[in-house]
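> Provide a 3D model corresponding to the input given below.
(one chain, ligands or ions: 1)
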Amino acid sequence: MAEHYFSNRELSYTYHVSVATVYNWIESAKNGKLDLELYKHNGRSYVRKTASNIATLDRLVKERKKYRNRKTVKEITPRDEFFDVYSEGQRYDVVVNLEKYREVDCELNYFDSGADNWDKYVKRLATEDSSNITETLKLLGMSTEFLDELTRDYDKVNIVDIGVGNAMPVRGLIEHFLESEKLGRYMGLDISREMLDIAKRNIKEWFGGSVQFEDYILDIKRERFGQLLAEDYLKEERVANIVLFLGGTSNNFRNPDEAFRTISESLRKDDIFIYTSKLDTDNTRSSIDFSAGDTSNTLMDPIVRFVFDLLNIDEKLYEVEKGYDEELKQRYLRIRLTSAVTMNFEFDPGKQVLEFDKGDRILFWRAWHMTPKDVYERLENNGFYMLNANQTPDRQYVLTISQIRQD
Ligand SMILES: C[S@@+](CC[C@H](N)C(=O)[O-])C[C@H]1O[C@@H](n2cnc3c(N)ncnc32)[C@H](O)[C@@H]1O
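Model (predicted):
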């Protein structure tokens, strides 16, 4: 059937427009704002290959060119710090993700002074009654008995903290195993050097020399970490590993399954995996407050402000949109361009230019929403077997304890 309709990628190549522009056309056609005949297949809509559609597409492309030639296009060049903070590979990913998905990866905000933003934000949350941090601490506290049972026959317990943040949520758990004289190694795995430095500083402040912090820079979406634990399997004493993935880190990823798969492939048979997440409720759908307590009148929220500022997008060029998308089941924070824009990125071999139309949207942050069943299925689909789950009484946060499925 492929010959009767254009794939979105084919349209993008043929007409030299982004896939996002193709989606915009399809959305407009669905809403009756554009005269394109669509073909529905597996719940998705595509543009039919008809003479009238091809004429409409030619007209759209011509209008677009005329519009862009009217000198209304604003040029954007990222700040120098953009080139200092991110590696060439990361900068290249920014270009590719902007081009393919019209989005900027939110994990880029934890770099450099962005790590301090997160630290301040978590410190503010720690003073609130019901927040990501206070609820995670509560849920972890309620789980220690179960963890003691699971690790009863072991001499030592290692804690591996993936996406360590400022290490505040794990403080109580470290204390617990220190007190029972079972604490082995504490390892922080994070994409950001600066975040690891903040965590290291905190561990030193809280525990002096009694806890050694091992830090590893790694992208959990694609880098396994099993080798970090290998030396302990060879020791005579029996060492358990508790691997933490707290604070809903993967909810911000484009494809969270990538991280879950990498983690499950890094674990051995008896390793224990703890995952916490916000749950989908009316309340969590409507909450999107990222201020660090200050009242600065910024248009984009501070949590995504770091990469946003480095990209150097003038505030006259966009409107902020934030909310909950019922269809995708995600909260989002994005901008809608109020002018056509060209972004210029310099690389050693030459310049990469991205074109955006007026009305194009760029996503800067997302949080996938999950019900308890979705959480269970995510674990199950990625090779985990869930042993235990706790929710806060208000049903807004969940903590799960799993091991690898053994079949
Ligand atoms: C939402 S914070 C959670 C921090 C902490 N676990 C908590 O619960 O407060 C996300 C953390 O994961 C890190 N991170 C984000 N993306 C990552 C990735 N792809 N690989 C490794 N770490 C990542 C960030 O630098 C940050 O420290």
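
> Tell me what Trp368 is bridged to.
Counting by DSSP bridges, Trp368 is bridged to Gln330.

> Near it, how many other residues are there?
21 (other C-beta atoms under 10 Å). Quick note: C-beta positions are derived from backbone N, CA and C, even for glycine.

> Repeat that for the one 3 residues further on.
When neighbours are defined as other C-beta under 10 Å, Thr371 has 14 of them.

> Asp116 too?
16.

> cool, Glu205 as well?
For Glu205, using other C-beta under 10 Å, the count is 8.

> likewise Glu88?
10.

> check contacts around it.
Counting by C-beta atoms under 8 Å, 6 or more residues apart in numbering, Glu88 touches Phe347, Asp348.

> mind checking the SS state of the residue of the stretch 201-350 of the chain found nearest the ligand?
Nearest residue of the stretch 201-350 of the chain to the ligand (C-beta to the nearest ligand atom) works out as Gly247 at 2.2 Å. At Gly247, secondary structure determined by DSSP: H, G, I helix; E, B strand; the rest coil is coil.

> three-state assignment of Lys65?
Per three-state DSSP, Lys65 ends up helix.

> Renumber starting at 12 from here on
Right, with 12 as the first residue, what we last looked at is Lys76.

> In terms of pLDDT, where does it sit?
Turning to Lys76, the model gives it a pLDDT of 76.

> Next, count neighbours for it.
Neighbour tally, Lys76, other C-beta under 10 Å: 11.

> next one: Gly370
By other C-beta under 10 Å, the residues close to Gly370 number 13.

> what's the burial count for the residue of the stretch 212-361 of the chain closest to the ligand?
Neighbours around Gly258, by other C-beta under 10 Å: 22.

> Same question for Phe17.
With other C-beta under 10 Å as criterion, Phe17 counts 22.

> what pairs with the closest residue to it other than its chain neighbours across the strands?
Nearest residue to Phe17 in three dimensions, chain neighbours excluded: Val58, at 4.9 Å (C-beta to C-beta, 6 or more residues apart in numbering). Using DSSP bridges, the bridge partners assigned to Val58 are Phe17, Leu49.

> Who are the contact partners of Val58?
Each residue near Val58 by C-beta under 8 Å, 6+ apart is listed here: 16-17, 22, 33, 36-37, 40, 47-50, 64, 68.

> let's go with 10 Å and repeat that
16-19, 21-22, 33, 36-37, 40, 45, 47-50, 64-65, 67-68 (C-beta atoms under 10 Å, 6 or more residues apart in numbering).

> same deal with Phe188?
Applying C-beta under 10 Å, 6+ apart, the residues contacting Phe188 are 155, 158-159, 162, 167-170, 194-195, 197, 222, 251, 253.

> next structured bit after the lowest-mean-pLDDT helix or strand in the chain?
In the chain, the helix or strand scored least confidently by mean pLDDT, DSSP states H and E is helix 293-297, which has a mean of 81. Using DSSP states H and E, the helix or strand that directly follows helix 293-297 along the chain is helix 313-322.

> Put the buried members of the contacts of Val58 into a ChimeraX selection.
For the buried members of those, the matching ChimeraX selection, counting by 16 or more other C-beta atoms under 10 Å, is:
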select :16,17,19,22,33,36,37,40,45,47,49,50,64,67,68
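
> quick revisit: what are the phi and psi values for the residue of the stretch 212-361 of the chain closest to the ligand?
Main-chain torsions, Gly258, degrees, to the nearest 10: phi 80, psi 20.

> Any buried residues in stretch 212-230, and which?
Result for stretch 212-230 [16+ other C-beta under 10 Å]: buried residues Asn213, Ile214, Phe218, Val222, Phe224, Asp226, Leu229.

> Could you tell me the backbone phi and psi angles at the residue lying farthest from the centre of the chain?
Using C-alpha atoms, centre = their mean, the residue of the chain lying farthest from its centre is Ala62. It sits 42.0 Å away. Dihedral angles of Ala62 (phi, psi; degrees, to the nearest 10) stand at phi -60, psi -40.

> ok, now how distant is it from Tyr329?
Ala62 sits at a distance of 38 Å from Tyr329 (criterion: C-beta to C-beta, to the nearest Å).

> looking at it, Phe367 is touching Thr349, isn't it?
No: the criterion here is C-beta atoms under 10 Å, and Phe367 misses it with Thr349 at 11.1 Å.

> Tell me how many other residues crowd the closest residue to Met311 other than its chain neighbours.
Nearest residue to Met311, sequence neighbours excluded (C-beta to C-beta, 6+ apart): Phe319, at 5.0 Å. Around Phe319 there are 25 other residues, counting by other C-beta under 10 Å.

> Local confidence estimate at Phe319?
92.

> Would you confirm that it contacts Leu328?
No: shown here, Phe319 and Leu328 do not form a contact pair, counting by C-beta under 10 Å, at 11.8 Å.

> Quick check: neighbours shared by the two?
Ile346.

> near the ligand, which residues of this structure?
With C-beta under 6 Å from any ligand atom as the criterion, the chain meets the ligand at residues 118, 121, 133, 144, 147, 174-176, 180, 201-203, 206, 229-232, 257-258, 260.

> secondary structure element for the closest residue to Glu114 other than its chain neighbours?
Spatial nearest neighbour of Glu114, chain neighbours left out: Leu374 (3.8 Å); criterion: C-beta to C-beta, 6+ apart. Assigned by DSSP H and E, Leu374 falls within strand 372-379.

> Just the mean pLDDT for that strand, thanks.
What strand 372-379 shows for mean pLDDT is 95.

> Specify the angle between it and helix 313-322 in degrees.
Compare the direction of strand 372-379 with that of helix 313-322 by axes from the mean of the first three to the mean of the last three C-alpha atoms, to 10 degrees and you get 150 degrees.

> which other helices and strands contact strand 372-379?
helix 30-41, helix 99-112, strand 283-289, helix 313-322, strand 329-336, strand 341-348 (3 or more C-beta pairs under 10 Å, 6 or more residues apart in numbering; DSSP states H and E).

> I'd like these written out as CSV, with distance to Asp140 added.
Shown next, in CSV, are the helices and strands packed on strand 372-379 (distance: least, C-beta to C-beta, whole Å):
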stretch, distance to Asp140
helix 30-41, 40
helix 99-112, 37
strand 283-289, 15
helix 313-322, 21
strand 329-336, 23
strand 341-348, 21
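
> and among the ones you listed, the most buried is which?
Ranked by mean neighbour count, the helices and strands packed on strand 372-379 are led by strand 283-289 with a mean of 24 (mean count of other C-beta atoms under 10 Å).
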